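Visitor: Model the following, please.
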Amino acid sequence: METVSTNRAFGGVQGVYTHASAETGSPMTFSVFVPDHAPGTKLPVLWFLSGLTCTHANVTEKGEFRRACAEHGVILVAPDTSPRGDDVPDDEGYDFGKGAGFYVDATQEPWSANFRMRSYIETELPAVIAEHFPADMARQGITGHSMGGHGALTIALRDPSRFRSVSAFAPIVSSLNCPWGEKALTGYIGGDRSAWREYDACALIEDGARLPDLLVDQGTADGFLEGQLKTHLLEEACAKAGQPATIRMQEGYDHSYYFISTFMAEHVGWHAERLK
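Guide: Purely as a prediction, here's the structure:
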C-alpha cells in the first residue's frame, strides 16, 4: 500500500491510498478517514460504496461525513467503483466498464479478468484495511449511493454476519428490473437471468436473505427514481418478507451529493449506534 495524500480534518486524518490489486489486476485507489483515538484503540468501520461514474473522490470531497465520523469514532472507507488502467477493458457508455463495476465478479470476456469488484470489496480490500489501519473488523457497517447502494445491499444480504448495520442512499434495488442492471449484468454475467439474483437486493430478500434492519433514503425529485431505482420494489419485498426496514422518501431531494450530504451525518450516527 502506498500513501497518495493525507490531510488533517476534524481532529483525524483523511488519507488517500493505492495498491496493486490481485483481484482486479490493476492499481486501485481508496480513501480512509481515521478519527483521533487513544493508542491501541480499534475503531468500527463504515464502508461507503459509490455510484456510476464515481471514484473514491466523490464522497471523500463532497460527502460531508468527517465531522460525524469524528464525533462517533468511526473509520470511513471509500473504495473505487471499478478497476482502472490502460490494460483494463472499457465501454463507451457511462453505465458500463470503467466507473461502472456494479460490485459483481464478471464471468464474461473480456471483463472477467479485471472486473472482480465483488471479491475486491468482500475479501481483498478488507484484508488491507485490517492490516494497515486501527480497524475493528468485528464491527463493520456498509452504505452506498445508487449503484453503490445496490452494492451495499447485496453484499450485506449475502453475508449478514459481517455487517452489523446497512443503509443506502437512492439505491438500485432490483438489477433484474432496471435498464442499468440489465445492461451491466448481461455484459458481466451473461444472459442467464437466474444467475443475476445474487446481485439483486429484492431477489435476495425474496430468496430468504435477511438483515437485522435497514435504512434507505430516497429523494422524491430524483430523476432516476421511476426508471432505474424503483424504491417501491424494495418496500414491497421487505413488507412481504417481514424484513425490518426504514425507507424514507425525502421530499424535493434529487440524486446528487447535495442530497447525500444532507443525510450523511444521520446515517453515520445510525450506524455508530449499531456498531457500539
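Visitor: CA atoms for contacts and neighbours, from now on please.
Guide: Will do.
Visitor: Settle this for me: Pro134 is touching His37, isn't it.
Guide: No. With contacts defined as C-alpha atoms under 8 Å, Pro134 does not count as touching His37, sitting 9.2 Å away.
Visitor: check which helix or strand covers Val268.
Guide: helix 257-275 (DSSP states H and E).
Visitor: quick one: contacts of that helix?
Guide: The contact list for helix 257-275, computed with C-alpha atoms under 8 Å, 6 or more residues apart in numbering, reads 44, 46, 59, 62-65, 67-69, 72, 74, 139-141, 145, 164-167, 169, 219, 253.
Visitor: Which of the residues you listed are buried, as a ChimeraX select command?
Guide: Buried subset of the contacts of helix 257-275, written as a ChimeraX selection, criterion 16 or more other C-alpha atoms under 10 Å:
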select :44,46,59,63,64,65,67,68,69,72,74,139,140,141,145,164,165,166,167,169,219,253
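Visitor: In helices only, show me the contacts of helix 257-275.
Guide: Val59, Lys62, Arg67, Ala68, Cys69, His72 (DSSP state H).
Visitor: Show the pLDDT at Leu211.
Guide: On pLDDT, Leu211 comes in at 96.
Visitor: Got the phi and psi for the residue nearest to it when sequence neighbours are not counted?
Guide: Closest residue to Leu211 apart from its sequence neighbours, by C-alpha to C-alpha, 6 or more residues apart in numbering: Pro160 at 6.1 Å. Dihedral angles phi and psi of Pro160 (degrees, to the nearest 10) take the values phi -70, psi -20.
Visitor: Number the residues from 503 up from this point.
Guide: That works, and once the first residue is 503, the last one we named lands at Pro662.
Visitor: Count the residues that sit near Pro662.
Guide: 17 (other C-alpha atoms under 10 Å).
Visitor: quick one, strands of the stretch 653-778 of the chain?
Guide: 665-671, 717-721, 748-752 (DSSP state E, counting those that start in this stretch).
Visitor: Go through those strands and name the closest to Ser584.
Guide: Checking those against Ser584 by C-alpha to C-alpha gives strand 665-671 as the closest, at 19.0 Å.
Visitor: quick one: contacts of that closest one?
Guide: 641-648, 651, 654-655, 658, 713-720, 762, 769, 773, 776-777.
Visitor: could you redo the last one with a cut-off of 6 Å?
Guide: Gln642, Gly643, Ile644, Thr645, Gly646, His647, Gly651, Leu716, Leu717, Val718, Asp719, His773 (C-alpha atoms under 6 Å, 6 or more residues apart in numbering).
Visitor: Lys544 versus Thr508, what's the distance?
Guide: Going from Thr508 to Lys544 by C-alpha to C-alpha, to the nearest Å gives 20 Å.
Visitor: Between the two, tell me which one has more neighbours.
Guide: Remark: of Thr508 and Lys544, Lys544 carries more neighbours, 18 against 14, as counted by other C-alpha under 10 Å.
Visitor: In contact with that one, which residues are there?
Guide: Pro636, Ala637, Asp638.
Visitor: Now Gly601: closest residue in space that isn't a chain neighbour?
Guide: Thr555 (4.4 Å).
Visitor: give me the element that neighbour is part of.
Guide: Going by DSSP H and E, Thr555 is not in any helix or strand.
Visitor: Done for today, thanks.
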